[in-house]
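Participant: Curious how this folds, go ahead:
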Amino acid sequence: MTLQVEISNQNKEQIINAIKLIKGVKQVQEIPNAATLKALKESDAIARQIKLHQKKPYANWEEAKKAILNVSN
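Facilitator: Numbers count the residues shown, from 1 in each chain. Coordinates of the predicted model:
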């Protein structure tokens, strides 16, 4: 049987550890919620854009900043 529980980040580790200690619990797996997944995707997009900037420099910082912001929007 699988049970999914949504918890806040406050005391997250303590809650996860407490669940692991319950007799009969086979596995505890942390699955990010939708907001966390969106933030991860945005940060990945920005990181990719920064890598591109390092390979192919823009004329100035303003141009690079616009390109980075365009990827994250």
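Participant: Tell me the helix or strand right after the top helix by length along the chain.
Facilitator: If you go by DSSP state H, the chain has its longest helix at helix 34-55. Proceeding C-terminally, helix 34-55 gives way to helix 61-72 as the next helix or strand, assigned by DSSP states H and E.
Participant: and that next one, what's its mean pLDDT?
Facilitator: Helix 61-72 carries an average pLDDT of 75.
Participant: How far away from the center of its chain is it?
Facilitator: 21 Å (Cα atoms, centre = their mean, to the nearest Å).
Participant: Packing partners of that helix?
Facilitator: helix 34-55 (3 or more Cβ pairs under 8 Å, 6 or more residues apart in numbering; DSSP states H and E). Any C-beta I mention is one placed from the backbone N, CA and C, and that applies to glycine too.
Participant: Convert the C-alpha atoms of the longest helix of the chain to CSV, please.
Facilitator: C-alpha atoms of helix 34-55 as CSV (Å, rounded to 0.1, in the frame of the first residue of the first chain):
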residue,chain,number,x,y,z
ALA,A,34,4.3,21.2,-8.3
ALA,A,35,5.7,24.5,-7.1
THR,A,36,9.1,23.0,-6.3
LEU,A,37,9.2,21.3,-9.6
LYS,A,38,8.5,24.6,-11.4
ALA,A,39,11.3,26.3,-9.5
LEU,A,40,13.7,23.5,-10.3
LYS,A,41,12.8,23.8,-14.0
GLU,A,42,13.3,27.6,-14.0
SER,A,43,16.7,27.3,-12.2
ASP,A,44,17.8,24.7,-14.7
ALA,A,45,16.8,27.0,-17.6
ILE,A,46,18.7,29.8,-16.1
ALA,A,47,21.8,27.6,-15.5
ARG,A,48,21.6,26.4,-19.2
GLN,A,49,21.5,30.1,-20.3
ILE,A,50,24.5,31.0,-18.2
LYS,A,51,26.4,28.1,-19.7
LEU,A,52,25.5,29.4,-23.2
HIS,A,53,26.6,32.9,-22.1
GLN,A,54,30.0,31.4,-21.0
LYS,A,55,30.4,29.7,-24.4
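Participant: quick one, that helix and helix 61-72 angle?
Facilitator: 140 degrees (axes from the mean of the first three to the mean of the last three Cα atoms, to 10 degrees).
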